[in-house]
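>>> Attaching a predicted model along with its sequence, questions to come.
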Amino acid sequence: MQDDDSELEAPVTAEDHSEGSAQAPVTLVEYGDYQCPYCAKAYALVRALIQRYGDDLQYVFRNFPLQELHPLALPAAEIAETAGLLGDFWPMHAWLYENQSRWVHGGTNALLSSIEALDLDAARFQQALRKAEVTTRIRNDVEGGVQSGVHGTPTFFINGWLHEGGNDAESLSEAIDAALEASRQASR
């Protein structure tokens, strides 16, 4: 049985950054921080889970920058959300995690190199970066995470419930398999 503090308080909507079908029997929500080294490790794991579960899994990413620990986490989230306004959230998301060590050690200028790396129009990007939707989305993600009991990153929810096991392949796969089985039982 789950306790009330472990429920996802901000339901998944069409506004979320998601991969996979909204009708998938399992939804995996991650609250992540682009500068967090554990989130970078989880990125590779999530990619493998998406590959493994295919149409049975919807993946949702939400921002939870831990600014006290990671001074570039908020600027990285702003860059990801700005890219999202331009239709390039997932390529930027991938670039930020796949190149994390490079931009973390290189600072803001290295972080901004993502715009060039993805061949985005710098002028359009700068205009979009100033839009209120960028900060509003990040703030809403963080507030939803706090309401849901998120304290660190990465934090995963599976079908609306906090995943309390480890953030390793075996633990997440077991939890997804259990959610799939529960979905199958419920549909009988």
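Good, I have the coordinates.

>>> Helix or strand: which one has the residue nearest to the spatial centre of the chain?
Geometric centre of the chain, nearest residue: Phe61, 2.4 Å, by CA atoms, centre = their mean. Element membership for Phe61 (DSSP states H and E) is strand 57-63.

>>> which residues are contacting that strand?
10, 12, 16-22, 24, 26-33, 46, 49-50, 77, 80-81, 93, 137-138, 141-142, 144-145, 176 (CB atoms under 8 Å, 6 or more residues apart in numbering). For glycine as for every other residue, the C-beta is placed from the backbone atoms N, C-alpha and C.

>>> Run a quick neighbour tally on the closest residue to Thr27 other than its chain neighbours.
Distance criterion CB to CB, 6 or more residues apart in numbering; nearest residue to Thr27, sequence neighbours excluded, is Gln58 at 4.5 Å. Gln58 has 22 neighbouring residues, counting by other CB atoms under 10 Å.

>>> where does the nearest residue to Thr155 once chain neighbours are set aside land on pLDDT?
Distance criterion CB to CB, 6+ apart; nearest residue to Thr155, sequence neighbours excluded, is Tyr31 at 4.5 Å. For Tyr31, the model assigns a pLDDT of 98.

>>> Next: His93.
Model confidence at His93 (pLDDT) stands at 98.

>>> before we move on, what SS does it have?
Three-state call for His93 (DSSP: H, G, I helix; E, B strand; the rest coil): helix.

>>> what residues are up against it?
17, 61, 80.

>>> any idea which helix or strand carries the residue nearest to Thr155?
Applying DSSP H and E, one finds Tyr31 within strand 26-32.

>>> got the CA positions of stretch 108-117 in CSV?
C-alpha atoms of stretch 108-117 as CSV (Å, rounded to 0.1, in the frame of the first residue of the first chain):
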residue,chain,number,x,y,z
THR,A,108,27.9,29.2,-18.9
ASN,A,109,29.7,29.7,-22.2
ALA,A,110,30.0,25.9,-22.6
LEU,A,111,26.3,25.5,-21.7
LEU,A,112,25.4,28.0,-24.4
SER,A,113,27.4,26.1,-26.9
SER,A,114,24.3,23.7,-27.0
ILE,A,115,22.6,26.3,-29.2
GLU,A,116,25.3,26.0,-31.8
ALA,A,117,25.7,22.3,-31.4
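
>>> what about it, distance to the chain center?
Here stretch 108-117 is found 20 Å from its chain centre; the criterion is CA atoms, centre = their mean, to the nearest Å.
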